[in-house]
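Trainee: quick one, fold the following:
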Amino acid sequence: MNIVIKKLSPNLLKDFLFFFDNIAFADHKDWSGCYCVEPHLCQAAESELPKGIESNCRQIAIEFINSGKLKGYLAYCDNEVVGWVNANDKNNYEKLQAQKELLTDEDNKKIKSIMCFIVAPKHRRKGIASQLLMQICDDSKSENYDFIEVYPYRGVSEEFHYFCGPIEMYKKNEFQIYKDLNDKFIMRKCL
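Mentor: Okay, the predicted model is just below:
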């Protein structure tokens, strides 16, 4: 399978929206209204959002993509989006800044955070998330980041809760456990 990975930009907005509108959660409608904006919202703002397909997260995503606030990568196969990863500077995620247990004492370090992977149902378990991860690692190194940080959940049993990425994928890509929390880990890769 030939995968092409593109960094999200306003000129890819239509592709991003089509993926979230029609493909990303075709098999899990409860999450269909997320548009991957939740990590950029403080908990107070998030609690104000309606749930489900009618959510205004779509409009927020449009605004965030056009302003450059929402960053990540789209994976394409045969000119169709088959995957997405939300990856951005750690300081740009309001949710991370609000969760004290996810903060570190390394304010002088440049940290890229990966918040979410979404792969189209018919393309799962084909290495697309791993390819997205490798692209982030390559780009983050050239962008002079010190670390890449990820937040996988412990003991995930349901497929949909792998949205933070599986621990095994990170270990294969030289991520180490940096902090052990009750329900998740902070894992890092030094660049």
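Trainee: and the strands in this structure?
Mentor: Taking DSSP state E as the criterion, the chain contains strands spanning 3-7, 72-77, 80-89, 111-119, 147-150, 176-180, 185-190.
Trainee: okay if I get the ones you listed as JSON lines plus mean neighbour count and distance to residue 38?
Mentor: Backbone N, C-alpha and C define where each C-beta goes, glycine included. Shown next, in JSON lines, are the strands of the chain (neighbours: other CB atoms under 10 Å; distance: least, CB to CB, whole Å):
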{"stretch": "strand 3-7", "mean neighbour count": "15", "distance to residue 38": "21"}
{"stretch": "strand 72-77", "mean neighbour count": "20", "distance to residue 38": "13"}
{"stretch": "strand 80-89", "mean neighbour count": "22", "distance to residue 38": "9"}
{"stretch": "strand 111-119", "mean neighbour count": "23", "distance to residue 38": "8"}
{"stretch": "strand 147-150", "mean neighbour count": "24", "distance to residue 38": "16"}
{"stretch": "strand 176-180", "mean neighbour count": "13", "distance to residue 38": "21"}
{"stretch": "strand 185-190", "mean neighbour count": "19", "distance to residue 38": "18"}
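Trainee: could you export those as CSV, including distance to residue 139 and mean pLDDT?
Mentor: Below are the strands of the chain laid out as CSV (distance: least, CB to CB, whole Å; pLDDT from 0 to 100):
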stretch, distance to residue 139, mean pLDDT
strand 3-7, 7, 97
strand 72-77, 8, 98
strand 80-89, 9, 96
strand 111-119, 9, 94
strand 147-150, 10, 95
strand 176-180, 20, 92
strand 185-190, 13, 93
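Trainee: and for residue 174, the neighbour number?
Mentor: For residue 174, the count of nearby residues is 11 (other CB atoms under 10 Å).
Trainee: report pLDDT for it.
Mentor: Note on residue 174: pLDDT of 96.
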